[in-house]
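Chemist: Need coordinates for the below:
(2 chains)
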Protein chains: 2
Amino acid sequence: MKITLGPENCLFPMPTVLVGANVNGKPNYMAVAWGGIMDFDFISVAIGRTRYTYGGIKENKTFSVNIPSFEMLKETDYCGIVSGKSVDKAALFENFYGKLGTAPMIQECPVNMECKLIHIVEFLPDHDVFIGEIVETYSDEKCLTNGVVDFARVQPILFVGTDASYWKLGERWGGIGSVGKELKTR
Amino acid sequence: MKITLGPENCLFPMPTVLVGANVNGKPNYMAVAWGGIMDFDFISVAIGRTRYTYGGIKENKTFSVNIPSFEMLKETDYCGIVSGKSVDKAALFENFYGKLGTAPMIQECPVNMECKLIHIVEFLPDHDVFIGEIVETYSDEKCLTNGVVDFARVQPILFVGTDASYWKLGERWGGIGSVGKELKTR
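Modeler: Numbers count the residues shown, from 1 in each chain, chains lettered A, B, ... in the order given. Sure thing, here's the model as predicted:
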C-alpha cells in the first residue's frame, strides 16, 4: 500500500563530500550531500546562501569536491556541523592546490575534483546551486584498479536525508547491461 | 601519492532511479543515475537530448522519479539499455498517476516522487538538466519506520560511473553530529 508523505526528498543515498573553497584568501571545507551530476564533466553542489563557503565560491569562481573515505567520518561530520566563520577547518587536513590555484583540496581524501564555476542556479528557495566544470581529478594511487577509481577502495560516506544518517557502501553487483539483457528476448 | 586522471566525474555512488514521463500520451521509464538534489523539495535529472524521455518531459512539464529496490535490478537495468522508441517499457510495471495527471509512476518501486518541471539547464554539452519541484512523494507502507522512509527497507540500487557498475547499500552508521562533535572540544 502506498502512503503519501507530501513533498519529501528521497533521492538517496548521496555521496557525502567536502566542498573546498578559498574564503577571504584561506582554505575552507564544508560537508555537502546535496550534489548532482549534470553531464560527463559537470557536477553541482547546492549551498545555502548564508553559508561561509558561499561567498568564497562566488568570489573565486572555483571550488573543489573532495571525496572522504569512511575512516574520515569524524572530520567530515565535523565539517558539516561547524562553520568556517568561527573555526579553521582546513587545519584538520593537509591542503593542496591544483591548476586553478584557488580551489583548495584535501590530501587525505582519496579523490578530489577541481572545478571551475560555470553557472549558478539562483531561483531556489534556500540554496543556490553552483555548477562546476571538472578541470582535473586527483586520485590516490592505491584507490585505482586498472587506472580507474575503485569505490571499494575509496570507501565513500553515503548520506540519507530522510533520517539524516551516514551509511557505508555495500557490495558491488555487476555492470550496466549485465542483467537487463535477459528481458530483451521477450 | 596522487595521480591526475584528467576531468573524471567521481561524484559516486548515486542512486539509480527510473524517471517516468508520458511520451506521445503513453507512460515511459528511463534508468538515470545522473540526478541531483537542488533544495529541500527540488531535484534534478540530466537527460540526453536524443533520449525518448526528453521530449515527453518538455511536452508535459511533469516527470516522476521512482526509486527501484535491488530486487528490481533486472527491470531497472533493462530500462537503461533499451529505448522507449522501440519497446513499451511501461508494460513491465503496474503504472499509476498522481496529482499532476501526466507523470506516470511505478507501483512496484517502493518510493515515487512526482515532480513539476520548473527549470531546464540547457547549456551543457550533451545533456539538459530538468529541475523538478516535488509535489508529492509516495512510499510503500512497509518501507516506513516511524513514518520516515527507511532506506534499509527500500534497498536502493547504487550506481558508480567510473566502472559503470551497480552496488548495494551497506550498513547504517549514525546520524549527523554523532561523531564530529568529538572534535569540537579541541
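Chemist: could you list every residue that touches A:Gly170?
Modeler: The contact partners of A:Gly170, by Cβ atoms under 8 Å, 6 or more residues apart in numbering or on different chains, come to B:158, B:167-171. C-beta: built from backbone N, CA, C; applies to glycine.
Chemist: Could you say which of those residues is surrounded by the most neighbours?
Modeler: B:Leu158 (27 neighbours; other Cβ atoms under 10 Å in any protein chain shown).
Chemist: In the sheet, which residues pair with that one? Tell me.
Modeler: Judged by DSSP bridges, the bridge partners of B:Leu158 are B:Pro15, B:Trp167.
Chemist: now do A:Met105
Modeler: Residues in beta-bridge contact with A:Met105 (DSSP bridges): A:Phe96.
Chemist: so how far is B:Ser178 from it?
Modeler: For A:Met105, the distance to B:Ser178 equals 26 Å [Cβ to Cβ, to the nearest Å].
Chemist: Which one's more surrounded, these two?
Modeler: A:Met105 (25 against 16).
Chemist: The more buried one contacts A:Lys99, correct?
Modeler: No. Using Cβ atoms under 8 Å as the test, A:Met105 is too far from A:Lys99 to be in contact (10.9 Å).
Chemist: Distance from the chain centre to the host helix or strand of A:Gly56, please.
Modeler: Using DSSP states H and E, A:Gly56 maps to helix A:52-60. Helix A:52-60 has its C-alpha centroid displaced from the chain centroid by 16 Å (Cα atoms, centre = their mean, to the nearest Å).
Chemist: got the buried residues for it?
Modeler: A:52-54, A:56-58, A:60 (16 or more other Cβ atoms under 10 Å in any protein chain shown).
Chemist: Kindly report the same for stretch A:25-41.
Modeler: The neighbour-count check on stretch A:25-41 (16+ other Cβ under 10 Å) flags A:27-41 as buried.
Chemist: In three-state terms, how would the residue in chain A positioned nearest to chain B be classified?
Modeler: Of all residues in chain A, A:Gly36 sits closest to chain B, at 1.6 Å by Cβ to the nearest Cβ. For A:Gly36, the secondary-structure state derived from DSSP: H, G, I helix; E, B strand; the rest coil is strand.
Chemist: Please list the outside residues in contact with the helix holding A:Gly56.
Modeler: So helix A:52-60 is contacted by A:19, A:21-24, A:28-30, A:47-48, A:63, A:83-85, A:102-103, A:117, A:120, A:128, A:130 (Cβ under 8 Å, 6+ apart).
Chemist: so of those, which ones are in strands?
Modeler: Judged by DSSP state E, those include A:19, A:21-23, A:28-30, A:47-48, A:63, A:117, A:120, A:128, A:130 as members of strands.
Chemist: Need the residues you listed in TSV (columns: distance to chain B and pLDDT).
Modeler: Below are the ones in strands among the contacts of helix A:52-60 laid out as TSV (distance: Cβ to the nearest Cβ, whole Å; pLDDT from 0 to 100):
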residue	distance to chain B	pLDDT
A:Val19	11	98
A:Ala21	17	98
A:Asn22	20	98
A:Val23	20	98
A:Asn28	15	98
A:Tyr29	12	98
A:Met30	12	98
A:Ile47	11	98
A:Gly48	9	97
A:Phe63	13	98
A:Leu117	13	98
A:Ile120	11	98
A:Asp128	9	98
A:Phe130	11	98
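Chemist: backbone phi and psi for A:Glu182, please?
Modeler: Torsion angles at A:Glu182 (phi, psi; degrees, to the nearest 10) stand at phi -60, psi -30.
Chemist: Kindly list the main-chain dihedrals of the nearest residue to it once chain neighbours are set aside?
Modeler: Spatial nearest neighbour of A:Glu182, excluding adjacent residues (Cβ to Cβ, 6 or more residues apart in numbering or on different chains): B:Lys74 at 6.2 Å. Dihedral pair for B:Lys74: phi -60, psi -50, per degrees, to the nearest 10.
Chemist: before we move on, what about the one 5 residues further on?
Modeler: Backbone dihedrals for B:Cys79, given as degrees, to the nearest 10, come out at phi -70, psi -10.
Chemist: Please apply the same query to A:Gly170.
Modeler: Per-residue torsions, A:Gly170: phi -90, psi -150 (degrees, to the nearest 10).
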